[in-house]
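>>> Predicted model, plus sequence, below.
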Amino acid sequence: MHCKKLSFQSQLFVCLLALVAVRCIYAADPLQFVRIQEDMGPGRIHDLHTPGQVSQILRADANSTLRITIDPTALGADAALNRIRMSATLAQRNGSAKPVNVEIVGYSQIDVAPISQSSQNAAAFETADQIQSDISSLYFTTSDLIQTIYGAGSDCVQNPRQTHCADLSTVAGNRDTISNRLALFRPEILRIGEDVADPNKAALIQLVGASIFGLTPATILDIRTQLETDLITALDPQKKDDQRDAALEELAQRVRLVWIDLQEISNRIGALQATHPDLSTQAAAAQVFAELFQQELVVLKSQLVTGTIDLPSYKAAAGDVLTLTIEAGSPTSFRIEIGNYHMQAHVVDSAFFIRRFRDVPSQRVNFMPAAGVTYGPTFYSRPDQSRWSRFRAALAPGMGLSVCLMNFPDYDPLTGVVQTTTSPVQVGAGFVASMFAGAIQFTYGWNLNVSSGRQYWGVGFSFISLAHALGAAAAKSGQ
């Protein structure tokens with residue numbers, strides 16, 4: 001098969017399509033607007049992912065709380081915030097159990113997390129164009145109806161607050177004209193009513209209702225019910241004339257009140273046209289609506305709460321894997337490898353082989369087994385791309401104090417008598433240095449139950465730490 005060489009115009013068109021595709025992907029990609037942080041307590045917050053980073057493989061400490069935030073400054077005006085969803089699962093390192101669903105407080109279980117209500121409300125609308133379309137439809141529908149009710153040349157169109165404008169008893173004489181106009185705009189009125197009743201848009205209704213109309217969401221819902229009822233009655237030819245006239249008068253009064261609330265927008269449109277005479281009413285209105293929506297959008301974005309995952313509550317351990325999925329049109333998953341990346345103090349088992357510094361005559365203690373426990377900090381660190389950081393993370397050095405059981409023969413230098421056992425159990429205490437998260441240990445200590453030759457040194461290991469290390473290595477090799 002032979003392919004024809006594309007013309008310059010075709011190449012330019014393909015490039016433009018590619019740029020548009022890239023822009024769409026960028027706008028919808030959670031990698032561009034999600035920040036993931038590891039919280040280990042006051043003043044101990046570490047960024048795992050910042051907006052714009054490409055890597056989706058992260059590392060988090062098992063004792064931390066993960067915080068997932070949406071950066072409002074990285075969201076475009078057309079971001080489909082109502083489609084942002086988060087979920088997470090935790091898989092254990094041994095793979096024996098089915099991955100468990102993990103709650104992301106603020107997003108994944110709304111009924112369990114009351115704090116999430118503001119987050120979900122903030123994400124309860126679709127795009128700027130759709131919201132601006134609703135505001136534009138409300139404005140132009142009301143403008144047209146108010147001119148039909150009063151007449152295009154009436155002073156009530158320009159200033160509906162005048163006292164005589166409240167008298168709408170004369171609408172009955174213009175019933176057919178007003179009814180025909182209402183019938184024409186019935187789809188727009190019902191569409192706005194549906195959006196007002198949509199529980200997913202509660203936050204938008206609250207903001208717009210407060211900033212433009214000075215009304216609560218409950219009041220707006222009551223008005224919506226009244227409008228629909230009156231509209232049905234006014235347009236129903238089966239109703240009596242007095243019923244239709246009463247419904248028309250109520251509708252006219254409501255239209256007048258809405259137009260009064262829209263006067264600030266109308267004035268802004270008029271002022272914009274005064275400074276830009278070339279702008280049409282529709283163009284000026286579109287610009288004003290865009291500015292108005294951007295103001296409300298900033299408020300809505302500021303209400304996006306932080307999603308949190310408490311890893312200790314799920315008994316997350318080093319070697320486990322948390323999969324965090326964020327959907328914004330298309331899903332993006334982060335693989336978060338759980339490990340130990342901060343200093344931790346804990347108790348580990350110790351199996352020492354100890355050597356006595358000064359043996360008694362004919363009774364040598366040469367790497368005698370001694371079991372015990374060690375308590376102290378292990379200094380974990382988070383590896384990055386450098387070899388030194390990877391080596392330091394793997395080394396995981398530690399220190400601590402140990403107590404172990406032993407049995408040294410005792411010797412009295414004054415009498416020269418050697419006692420094989422001074423007590424059934426002797427206790428030794430000393431300092432410990434360790435490597436590989438306590439897997440390999442070195443000790444220096446003193447036997448507390450002998451009269452001479454107390455000092456000893458030794459090497460040992462931890463069964464539990466070795467088992468964890470071997471299990472993690474096996475799990476990693478099996479991936």
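Yep, it's here. Residues are numbered from 1 along each chain as shown.
>>> Need the pLDDT of the nearest residue to D61 once chain neighbours are set aside.
Here the nearest residue to D61 in space, its sequence neighbours aside, is Y341; by C-beta to C-beta, 6 or more residues apart in numbering that works out to 4.6 Å. All C-beta atoms are positioned from the backbone trio N, CA, C, and that covers glycine. Per-residue pLDDT puts Y341 at 83.
>>> OK, contacts around Y341?
Contact analysis of Y341 by C-beta atoms under 8 Å, 6 or more residues apart in numbering lists R59, A60, D61, Y380, S381, R382, A393.
>>> do Y314 as well
Residues near Y314 by C-beta under 8 Å, 6+ apart: L90, V100, V102.
>>> Just the buried subset of those residues, written out for PyMOL, thanks.
The PyMOL command for the buried members of the contacts of Y314 (criterion: 16 or more other C-beta atoms under 10 Å) is given here:
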select buried, resi 90+102
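>>> with the contacts of Y314 in mind, which one is nearest to I269?
Ranked by distance to I269 (C-beta to C-beta), those are led by V102 at 49.9 Å.
>>> What's opposite the closest one in the beta bridge?
Beta-bridge partners recorded for V102 (DSSP bridges): A88.
>>> Settle this for me: it is touching I309, isn't it.
Yes - contact criterion C-beta atoms under 8 Å: V102 and I309 qualify, at 5.8 Å.
>>> Mind listing the shared neighbours of these two?
In contact with both V102 and I309: A88, L322, using C-beta under 8 Å, 6+ apart.
>>> What ranges in the stretch 101-250 of the chain fall below the confidence cut-off?
In the prediction, the stretch 101-250 of the chain carries residues with pLDDT under 70 at positions 108-132, 134, 172, 192-193, 195-221.
>>> run the last query once more with 80
By pLDDT under 80, the weakly predicted segments of the stretch 101-250 of the chain are 106-138, 152-153, 168-175, 185, 188-227.
>>> What segments of it are helices?
Applying DSSP state H, counting those that start in this stretch to the stretch 101-250 of the chain gives helices spanning 116-122, 128-150, 155-158, 175-184, 186-197, 202-208, 217-234, 241-261.
>>> same question, the stretch 251-400 of the chain
For the stretch 251-400 of the chain, applying DSSP H, counting those that start in this stretch gives helices covering 263-275, 281-302, 387-395.
>>> Nearest approach to K315 belongs to which of those?
The nearest among the helices of the stretch 251-400 of the chain, by C-beta to C-beta, is helix 387-395 at 22.7 Å.
>>> Could you tell me which residues within the closest one count as buried?
Within helix 387-395, the residues that qualify as buried are R392, A393, counting by 16+ other C-beta under 10 Å.
>>> How far off centre is that helix?
How far helix 387-395 lies from its chain's middle: 31 Å, per C-alpha atoms, centre = their mean, to the nearest Å.
>>> Then stretch 431-446?
Mean-position distance between stretch 431-446 and its chain equals 42 Å (C-alpha atoms, centre = their mean).
>>> Need the residues that contact it.
With C-beta under 8 Å, 6+ apart as the contact definition, stretch 431-446 has outside contacts at 340, 348, 350, 352, 354, 374, 376, 378, 380, 394-402, 404, 428-430, 454-462, 465-466, 468-469.
>>> Buried ones among these?
340, 348, 350, 352, 354, 374, 376, 378, 380, 396-398, 400, 402, 404, 428, 430, 454, 456, 458, 460-462, 465-466, 468-469.
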